[in-house]
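J.: Structure here, sequence nowhere to be found:
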């Protein structure tokens, strides 16, 4: 299959999302050497725009040559030493992977299990830390597997600090698509992926550590187990030392920089408002169509990924296959507890646009009706969404 | 700096190398989802061509979403359990990183130190294994830091197996630019990078494990410390299970596939012959110009990276800066022991062409002459190289 035959998908799954033409163009600029002074200049620009996206002044801000899961592991392996107590809020597949990874690196993990579809309450975290102190609390801001957003991060950070713990936050599915204020909220360490709301192909991942997290690195008694992910080494490639560690993923860095420029040009406030409005249109459309959202509490809803329950009479796999074959439109199936029970619909970056919302609702509605799913009203769904879009 | 201003460098450092236009074009095809059936098809095609490039039938052959250093770590973390004895042949910066990484994962490392500029002799490895048995022997096929190629890999593999050890080989700087026969030689585990002789931008790394290495994975008593690099999990994304592990680096996979297609079209034999001829032209040119090669024994020379000693009277940094500013031509400075003493000149993939050899020799000769370096004869160098090219 030559690449000329790769179709332009409408990517409405839980990521990757659609990529702006400017990002493709930047990505295919000529490869520079990883020690070229011009590449260092691009690294600096990328670093400045990553800080803006994270809303931080953290010096230790860089992009890792890994996917989002690699960034999760990188943060944990740097912040955890064998024997450390770690508290992890688990309410989905991605937060559920954190204990597994932290334990492989020797952490003693306590899990705060929250039912899928809900987020952790600050007082639950305070209680858990009272019961079993921890050096690190880790949680996911936007759970891609459920469509839940963890709110009250500022309050949670304060609780963590009051108990002597650092707060690590996964923003893979949320950064660039919802409000996130690392410094204002007091987040100690944060990472994201490229392929969701940053609108860049997958394979490069921004990470940022604040002063408290840096202190943890400086005071470690043991080396970071992973050499490849050792931020103390990698930062020397990103700062004025320019010490060679790995070969920078040159063209992916071009792509990330261009994606971040697009965010800068749009402005973070306008961008999160756009995502919020498109999510609202999607919710209105799905509900008016007669479908149910998985996340009941509107305050817990992640604007960038929505889980909708599969109605009676619909054939999960066939619906998704028809969307792909007929409309070149991808949505995500359910993961874990939600397998066969929910669909995950992404509205991220370039994809958080009115045309995606309306096309998805009208296409899904038609397919469900053709399958004889009970009580589905496609027209009402499209009308309700359009009203929000034009409201 | 907008990407339109990124200059087309002549990349003659130790990697990244120049990228064919078809690879850039493939890389910027529309991003597919990582669970899209069309993407799975591209993964299968990539896998088949990786097997061809490694000259193997190994089922466990896949591309990792990391750079070459990540692939080194991935192989070590999968093959090493805490307390395992490991023998590492160290003759440069990259082989010198292996003990550091293996030790972080709990290996008991014995080093077979070989002087820089030379490769290990099979009998030295046999002797080292007699003295201290090991479960794994690791070495670098093409040492990018010195320009040494480790020959006799078939013989070395036999020695390893006779002593109950597996053989892990780093081919980051050699695969696709010199003869490598994984199955014929009996190599148990091998990895490479994308940005050298495969002619693809950096950030994705092929890895292949044979039956003996698979057995080691199956018999491990402990989990692989790294979840992100756990090949037992990752292979399920590459085989028919298609179990989600990480988000595939979609566009980098397109690029890798296209790079591998170019290799397939050229043919491995023709390609290694081309690299060998260009290296020969470079050696002839440098020596006729009055310069000295660092690697004295021709049998130890890596055709893809050549280290030439800096002549008296030349200013290392100024020569490299002038090449870059005047000709947009990058070569590498010396690493480690060779810092300030040698230049590393890459002839890899698209870069292993007559135009690169002649331009480099004529440019370098002119600059050295202008700097007053002693006894430099640029014209003789260019003539000698042209004679090999046209011979």
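T.: Right, received. Where do you want to start? Keep in mind that this is a model prediction, so the values were computed, not measured.
J.: so what's the closest residue to residue A:220 other than its chain neighbours up against?
T.: Leaving aside its sequence neighbours, residue A:220 sits nearest to residue A:81 (Cβ to Cβ, 6 or more residues apart in numbering or on different chains; 5.9 Å). C-beta: built from backbone N, CA, C; applies to glycine. By Cβ atoms under 8 Å, 6 or more residues apart in numbering or on different chains, the contact set of residue A:81 is A:106, A:220-222.
J.: May I see the residues you listed arranged in CSV, with secondary structure and neighbour count as well?
T.: Shown next, in CSV, are the contacts of residue A:81 (DSSP: H, G, I helix; E, B strand; the rest coil; neighbours: other Cβ atoms under 10 Å in any protein chain shown):
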residue, secondary structure, neighbour count
A:106, coil, 15
A:220, coil, 14
A:221, coil, 7
A:222, coil, 10
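J.: Just the closest of those residues to residue B:57, please.
T.: residue A:106 (37.6 Å; Cβ to Cβ).
J.: Ramachandran angles for the nearest residue to that closest one once chain neighbours are set aside?
T.: Using Cβ to Cβ, 6+ apart and skipping residues adjacent in sequence, the residue nearest residue A:106 is residue A:82, 3.1 Å away. When read as degrees, to the nearest 10, the backbone of residue A:82 gives phi -50, psi 130.
J.: what do you get for residue A:149?
T.: According to degrees, to the nearest 10, residue A:149 has phi -110, psi 130.
J.: Show the pLDDT at it.
T.: Residue A:149 carries a pLDDT value of 98.
J.: Also residue A:5?
T.: pLDDT for residue A:5: 84.
J.: now the helices: where do they sit in the stretch 151-300 of chain A?
T.: Counting by DSSP state H, counting those that start in this stretch, the stretch 151-300 of chain A has helices at residues A:153-162, A:182-185, A:211-219, A:231-238, A:250-266, A:268-288.
J.: Which one of those lies nearest to residue B:323?
T.: helix A:250-266 (19.2 Å).
J.: next one: that closest one to chain centre, how far?
T.: Between the centre of helix A:250-266 and the centre of its chain there are 16 Å (Cα atoms, centre = their mean, to the nearest Å).
J.: buried sites along it?
T.: For helix A:250-266, burial by neighbour count (16 or more other Cβ atoms under 10 Å in any protein chain shown) applies to A:250-263.
J.: Dump those into JSON lines; add pLDDT and distance to chain B as well.
T.: Listed next are the buried residues of helix A:250-266 as JSON lines, based on pLDDT from 0 to 100; distance: Cβ to the nearest Cβ, whole Å:
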{"residue": "A:250", "pLDDT": "98", "distance to chain B": "6"}
{"residue": "A:251", "pLDDT": "98", "distance to chain B": "4"}
{"residue": "A:252", "pLDDT": "98", "distance to chain B": "5"}
{"residue": "A:253", "pLDDT": "98", "distance to chain B": "9"}
{"residue": "A:254", "pLDDT": "98", "distance to chain B": "6"}
{"residue": "A:255", "pLDDT": "98", "distance to chain B": "8"}
{"residue": "A:256", "pLDDT": "98", "distance to chain B": "11"}
{"residue": "A:257", "pLDDT": "98", "distance to chain B": "8"}
{"residue": "A:258", "pLDDT": "98", "distance to chain B": "7"}
{"residue": "A:259", "pLDDT": "98", "distance to chain B": "12"}
{"residue": "A:260", "pLDDT": "98", "distance to chain B": "13"}
{"residue": "A:261", "pLDDT": "98", "distance to chain B": "9"}
{"residue": "A:262", "pLDDT": "98", "distance to chain B": "13"}
{"residue": "A:263", "pLDDT": "98", "distance to chain B": "16"}
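J.: thinking the residue nearest to residue A:106 is in contact with residue A:102, fair?
T.: No. Look at residue A:82 against residue A:102 with Cβ atoms under 8 Å: they stay out of range, at 10.7 Å.
J.: So for those two, which sits in the more crowded spot?
T.: Between residue A:82 and residue A:102, counting by other Cβ atoms under 10 Å in any protein chain shown, residue A:102 is the more crowded of the two (25 against 11).
J.: Give the buried residues for stretch A:242-250.
T.: Applying 16+ other Cβ under 10 Å to stretch A:242-250 flags A:244-250 as buried.
J.: per-residue pLDDT, the residue nearest to residue A:106?
T.: Listed pLDDT for residue A:82 reads 97.
J.: For residue A:74, what are phi and psi?
T.: Dihedral pair for residue A:74: phi -60, psi -40, per degrees, to the nearest 10.
J.: what about the nearest residue to it once chain neighbours are set aside, distance to residue B:136?
T.: Leaving aside its sequence neighbours, residue A:74 sits nearest to residue A:229 (Cβ to Cβ, 6+ apart; 3.9 Å). Distance, residue A:229 to residue B:136, using Cβ to Cβ, to the nearest Å: 22 Å.
J.: what's the answer for residue A:386, then?
T.: Remark: distance between residue A:386 and residue B:136 (Cβ to Cβ) = 63 Å.
J.: Looking at these two now, which is surrounded by more residues?
T.: Neighbours were counted for residue A:386 and for residue B:136 using other Cβ under 10 Å; residue B:136 has more, 26 against 17.
J.: Identify the bridge partners of the more buried one.
T.: Assessed by DSSP bridges, residue B:136 has beta-bridge partners residue B:86, residue B:166.
J.: which residues touch it?
T.: Counting by Cβ under 8 Å, 6+ apart, the residues that residue B:136 touches are B:79-80, B:84-87, B:107, B:165-168.
J.: what's the answer for residue A:111, then?
T.: Here residue A:111 is in contact with A:87-90, A:99 (criterion: Cβ under 8 Å, 6+ apart).
J.: residues contacting the nearest residue to residue A:15 once chain neighbours are set aside?
T.: Once flanking residues are discounted, residue A:15 sits nearest to residue A:196: 4.1 Å by Cβ to Cβ, 6+ apart. Counting by Cβ under 8 Å, 6+ apart, residue A:196 makes contact with A:14-17, A:68, A:144, A:172-177, A:304, A:346, A:348-349.
J.: Return the residues of the stretch 251-391 of chain A in contact with chain B.
T.: Within the stretch 251-391 of chain A, the positions adjacent to chain B are A:251-252, A:254-255, A:258, A:324, A:330, A:332, A:335 by Cβ under 8 Å from any Cβ of the partner chain.
J.: please redo it, this time with the cut-off set to 6 Å
T.: A:251-252, A:254, A:330 (Cβ under 6 Å from any Cβ of the partner chain).
J.: Show me which pair in those residues is furthest apart.
T.: A:254 and A:330 (25.3 Å).
J.: Would you agree residue A:208 is in contact with residue A:58?
T.: Yes. Look at residue A:208 against residue A:58 with Cβ atoms under 6 Å: they come within range, at 4.6 Å.
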